[in-house]
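Asker: Here is the input, now give the coordinates:
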Amino acid sequence: MSLHIQENTNNKGDNQDGIVNTSEEIFPPLIVKELSPPILSLVSEYSHVFSKNKYDVGKIRMESTRINLTSDLPVSQRAYRTSTAEEVEINKQIKNLLVAGLIKESNSCYSSPVTLAHKRDEMKKLSCACIDYRKLNAIC
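Answerer: Below you'll find the predicted structure:
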């Protein structure tokens, strides 16, 4: 049995709404060139357990969680200063997380700033939106 994998070089990118439908931006999919029939059958049978993109992480429906804090004073921090390009990237990632159902809009007296964590890839610079919860964690 042999397995030959080749990186997919066609990038679909974003649709007209700016929502990334595939994870090609960060994790280019691999195309399987040759796979034994039993393995291919097994992968096809259990395809539902594999992520379709980076936002496909599954969901757990349960009661809301309560976090007990050591202070009743809400932690509210101002947003960090960002460039226009960084702001566009942060908004794009937040929109994708909203569409995927991983986050939801809310109004709260608690707020923490969002920043971009940069990673260098061989081909291009990658970034991930991160929330700075250090001050909130200090009162947990």
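
Asker: The helix or strand hosting residue 130: partners in the sheet, and parallel or antiparallel?
Answerer: In this assignment (DSSP states H and E), residue 130 forms part of strand 125-131. Looking at strand 125-131 with DSSP bridges, its partner strands are strand 114-120 (antiparallel).

Asker: mind saving the C-alpha coords of the partner strand as PDB?
Answerer: In PDB, the C-alpha atoms belonging to strand 114-120 read as follows (Å, rounded to 0.1, in the frame of the first residue of the first chain):
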ATOM      1  CA  VAL A 114      -8.500  42.000  21.100                       C
ATOM      2  CA  THR A 115      -5.100  41.800  19.600                       C
ATOM      3  CA  LEU A 116      -3.500  39.800  16.800                       C
ATOM      4  CA  ALA A 117      -0.900  37.100  17.500                       C
ATOM      5  CA  HIS A 118       1.400  36.700  14.600                       C
ATOM      6  CA  LYS A 119       3.000  33.500  13.400                       C
ATOM      7  CA  ARG A 120       5.400  33.300  10.600                       C
END
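
Asker: And the contacts of it?
Answerer: Outside of strand 114-120, the residues within contact range by CB atoms under 8 Å, 6 or more residues apart in numbering are 79-80, 82, 86, 89-90, 94, 125-132. C-betas here are computed from N, CA, C, even on glycine.

Asker: neighbouring contacts of stretch 133-140?
Answerer: Taking CB under 8 Å, 6+ apart as the rule, stretch 133-140 contacts 67-71, 75, 77, 110, 112.

Asker: Let's see that with 6 Å instead.
Answerer: Stretch 133-140 is contacted from outside by 69-71, 75, 112, using CB atoms under 6 Å, 6 or more residues apart in numbering.

Asker: ok, and the most crowded of the contacts of strand 114-120?
Answerer: The residue in those with the most neighbours, by other CB atoms under 10 Å, is residue 90 (19 neighbours).
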